[in-house]
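In: Output the structure for:
(2 chains)
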2 protein chains.
Amino acid sequence: MIRVAEIFGPTIQGEGVLIGQPTVFVRTGGCDYRCSWCDSLHAVDTEFRHQWLPMETGAIWNRIEELSGARPLTVSLSGGNPAIQPFGPLIRHGQEKGYRFALETQGSVSKDWFGDLDTLVLSPKPPSSGMATDWAAFDACLDAAGQGPQTVMKIVIFDDADYAFARDAAARYPHLPVFLQPGNHLVPGGDQEDAPVDHDALTARLLWLVDKVTADGWFAARVLPQLHVILWGNKRGV
Amino acid sequence: MIRVAEIFGPTIQGEGVLIGQPTVFVRTGGCDYRCSWCDSLHAVDTEFRHQWLPMETGAIWNRIEELSGARPLTVSLSGGNPAIQPFGPLIRHGQEKGYRFALETQGSVSKDWFGDLDTLVLSPKPPSSGMATDWAAFDACLDAAGQGPQTVMKIVIFDDADYAFARDAAARYPHLPVFLQPGNHLVPGGDQEDAPVDHDALTARLLWLVDKVTADGWFAARVLPQLHVILWGNKRGV
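Out: Presented below is the predicted three-dimensional model:
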C-alpha cells in the first residue's frame, strides 16, 4: 500500500529539469524530514495523516490513466518523501504502457527501484531548512539509480549560506547537472493557499539568484523559478 | 565580418531548452523575416542598421572571453536571423576553448556550420507573425545540422491559429522536442523598454497555453514562459 496525499493533473511540472512538461503528480504522505520552509506540509506533517489514503498500485494506476486519458505522459512522484513508499510495481506497470516516471526526493532513503526511474531529482536540503544531509545516504541513492535514470540535483536557495551549500554539493558531484531555485517565501502553512501571488517578491528572489550565479561565474548551474507558484501561488492540485 | 547588434551577459537564457542556463548573447543585426510582433526590432529593422557594428570573429571572441571572465559557458547566437552571418570560425575557435554554442533561427537559411553547433533551436513562425514558413528551407536546416547539435523546435503562440500551426509542425517532425511559448504582448516597438512588467497579463497568457496543451493531451510539448520578460520586461542587454 502507498500512502497518497493527492493525485492530480495533467498540469505542467513547475520545477527543475522537466520544467514545463505536462505531467500527473502522485504526492505521497509522510516524510523523514521536516524542513522549516516546507511547501507541502499537508503531505509531511502527521497532523494531516488522516488525509493520506492508503492505495494499492492498481488503484493509483487507474487514477493516472483516468487523468491522462490513457495517453502516456511523465508521472511525477512527489511528497513528502516518495522514496519511503513501495513504488517499484507502479513504475514497471506504467512503463509497459509507455508512461515515464520522475521521482523527487531529498536523497535520504534509497530504493532498488530508483534504477527503473526515467528521471531522478535529488534535492539535498540547504542549511535554511534546518535539516542536515547524510551524504552516505545520498551516495546510496546515486548507487541505487546507477545508469538507469537521468539523475540531477535541485537545490533550493534562500540565502548566502544555502548558496554556499549548493556550491559544495555541486563540487561533490561534478557529473550531476544542478538546478537552483529561489526559496518560496509564501510558505509555511497551508493557510496562505488562496493568498494573491506576490510577483514582485518572486521576481526579486529570482533576480538575486541569477545575479549571484552569473557574478560568481557558476555557469554550469541552471537557475529556474517555480512556474506553478507564478501561475497559481500556493494553491493545491494544479 | 559579422554584423553585431549587441553582445551582453552573462545572464540566463530565458527561453526554451536551455532555459535558466547562464549564457552570453551575441545578437546579430539583419533578418530575412519581419514578424508583426518581433521583440527584437532593433536587430531586424534596417532603420537601426547604423547601430549594427561589423565585427571580426576575433573581436567578438575577445568580448565573449571578457564578459565570461574566460570561463567556458554557452554562447547564444541570436538575432535578427543569426544564420545569415558567417559564424563557423567563431564556433570552432570557441569550442576549442571549451565554450558551447547555441543558435536560434526561424529555419529559413541553412549553413554548413549548423553541424558544429551544440544546440540548434529552430523556431518556425506561426500565422500571427505574418510570415509563411518555407518547409523545404526548414528541412535544409535539419539536414545541415545532421546529428551534430541537439536540435529542438520552439514555437511562439499568440492564438488558436498559432496553436494549430504548432501542432502541425510537431506532427511534421515527430522526432524534434517541441517547446511552446506564449507570445510577448509587450511588443512591438522599442519604446516600451522601460514599461513596468504586466505580470498578470503574462501569467494569464501562460495559463491559457498550459490549459490548452493539457486539455488537448499534447504531453510531448513543453510550455515555458520567457523568464527574461518576467525578470526584466523588454529591457535590453540583460
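In: For the rest of this, base every contact and every neighbour count on C-alpha atoms.
Out: Noted.
In: quick one: furthest residue from the center of chain A?
Out: Ranking residues of chain A by C-alpha distance from their mean position (CA atoms, centre = their mean) puts A:Ala215 at the top, at 27.3 Å.
In: And it, its phi and psi?
Out: For A:Ala215, the backbone dihedrals are phi -60, psi -30 (criterion: degrees, to the nearest 10).
In: ok, it to B:Glu6 distance?
Out: Counting by CA to CA, to the nearest Å, the separation of A:Ala215 from B:Glu6 is 20 Å.
In: just A:Thr28 next, same as before
Out: In terms of CA to CA, A:Thr28 sits 49 Å off from B:Glu6.
In: These two: which has the busier surroundings?
Out: Under the criterion of other CA atoms under 10 Å in any protein chain shown, the comparison of A:Thr28 against B:Glu6 puts A:Thr28 first, with 27 against 19.
In: and the residue nearest the centre of chain A, what are its bridge partners?
Out: The residue lying closest to the centre of chain A (CA atoms, centre = their mean) is A:Glu104, at 3.9 Å. Counting by DSSP bridges, A:Glu104 is bridged to A:Val121.
In: what's the pLDDT at it?
Out: We have a pLDDT of 98 for A:Glu104.
In: That one: what's it in contact with?
Out: A:Ser76, A:Leu77, A:Ser78, A:Gly79, A:Asn81, A:Pro82, A:Leu120, A:Val121, A:Leu122, A:Ser123 (CA atoms under 8 Å, 6 or more residues apart in numbering or on different chains).
In: Repeat that for A:Ala43.
Out: With contact set as CA under 8 Å, 6+ apart, A:Ala43 has these partners: A:Ala5, A:Arg27, A:Thr28, A:Gly29, A:Gly30, A:Cys31, A:Arg49, A:Trp52, A:Gly79, A:Gly80.
In: pLDDT check: weakest of those residues?
Out: Minimum pLDDT across those is recorded for A:Arg49, with 90.
In: Surely that residue forms part of a helix?
Out: Yes: when classified by DSSP: H, G, I helix; E, B strand; the rest coil, A:Arg49 is found to be part of a helix.
In: quick one: secondary structure of A:Phe25?
Out: Using three-state DSSP, the structure places A:Phe25 in strand.
In: wait, isn't it in contact with A:Ser78?
Out: Yes: counting by CA atoms under 8 Å, A:Phe25 touches A:Ser78, with 6.9 Å between them.
In: Now the common contact residues for those two.
Out: Between them, A:Phe25 and A:Ser78 share no contacting residue, judged by CA under 8 Å, 6+ apart.
In: Show me which residues of stretch A:61-81 are buried.
Out: By 16 or more other CA atoms under 10 Å in any protein chain shown, the buried positions in stretch A:61-81 come out as A:61, A:63-65, A:67-68, A:72-81.
In: do the lowest-mean-pLDDT helix or strand in chain A and chain B meet?
Out: In chain A, the helix or strand scored least confidently by mean pLDDT, DSSP states H and E is helix A:227-232, which has a mean of 91. Yes: part of helix A:227-232 sits near chain B under the criterion CA under 8 Å from any CA of the partner chain, namely A:Ile230, A:Leu231.
In: That helix: how far from the chain's middle?
Out: Centre-to-centre, helix A:227-232 and its host chain are 15 Å apart (CA atoms, centre = their mean, to the nearest Å).
In: again, but for stretch A:64-76
Out: Offset of stretch A:64-76 from its chain centre (CA atoms, centre = their mean): 19 Å.
In: Check stretch A:48-58 too.
Out: Its chain's C-alpha centre and that of stretch A:48-58 lie 19 Å apart, by CA atoms, centre = their mean.
In: measure it end to end?
Out: Note: stretch A:48-58 ends 24 Å apart using CA to CA.
In: Show me where chain A has its strands.
Out: Ranges of strands within chain A are A:2-12, A:22-28, A:53-55, A:74-78, A:100-105, A:119-122, A:150-157, A:178-182, A:221-223, based on DSSP state E.
In: interface residues of chain A facing chain B?
Out: By the rule CA under 8 Å from any CA, the part of chain A lying against chain B is A:10-12, A:19-23, A:68-69, A:71-73, A:199, A:203, A:206-207, A:210-211, A:213-215, A:217-224, A:230-231.
In: From those, list just the buried residues.
Out: The neighbour-count test (16+ other CA under 10 Å) marks A:10-12, A:19-23, A:68, A:72-73, A:199, A:203, A:206-207, A:210, A:213-214, A:217-224, A:230-231 as buried among these.
In: For chain A, give me the ranges with low pLDDT.
Out: Filtered on pLDDT under 70, chain A yields the residue ranges A:187-194.
In: again, only using 80
Out: Counting by pLDDT under 80, the ranges of chain A that qualify are A:185-197, A:234.
In: residue boundaries of the helices in it?
Out: A:57-67, A:88-96, A:135-145, A:160-172, A:199-216, A:227-232 (DSSP state H).
In: Return the most buried member of the ones you listed.
Out: Counting by mean count of other CA atoms under 10 Å in any protein chain shown, helix A:227-232 has the highest mean neighbour count of the helices of chain A, with a mean of 20.
In: which outside residues touch it?
Out: Helix A:227-232 is contacted from outside by A:12-15, A:19-20, A:197, A:199, A:202, A:238, B:203, B:206-207, using CA under 8 Å, 6+ apart.
In: do the same with stretch A:110-118
Out: Residues outside stretch A:110-118 that contact it (CA under 8 Å, 6+ apart) are A:83, A:87-88, A:91-92, A:100-103, A:120, A:137-138, A:140-141, A:144-150.
In: buried residues in that stretch?
Out: For stretch A:110-118, the neighbour count (16+ other CA under 10 Å) marks A:Ser110, A:Lys111, A:Trp113, A:Phe114, A:Gly115, A:Asp116, A:Leu117, A:Asp118 as buried.
In: What is the linear distance spanned by that stretch between its boundary residues?
Out: Stretch A:110-118: ends 16 Å apart by CA to CA.
In: Over to stretch A:217-229?
Out: 28 Å.
In: And for stretch A:143-150?
Out: End residues of stretch A:143-150 are separated by 13 Å (CA to CA).
In: Run the chain-centre distance for that stretch.
Out: 17 Å.
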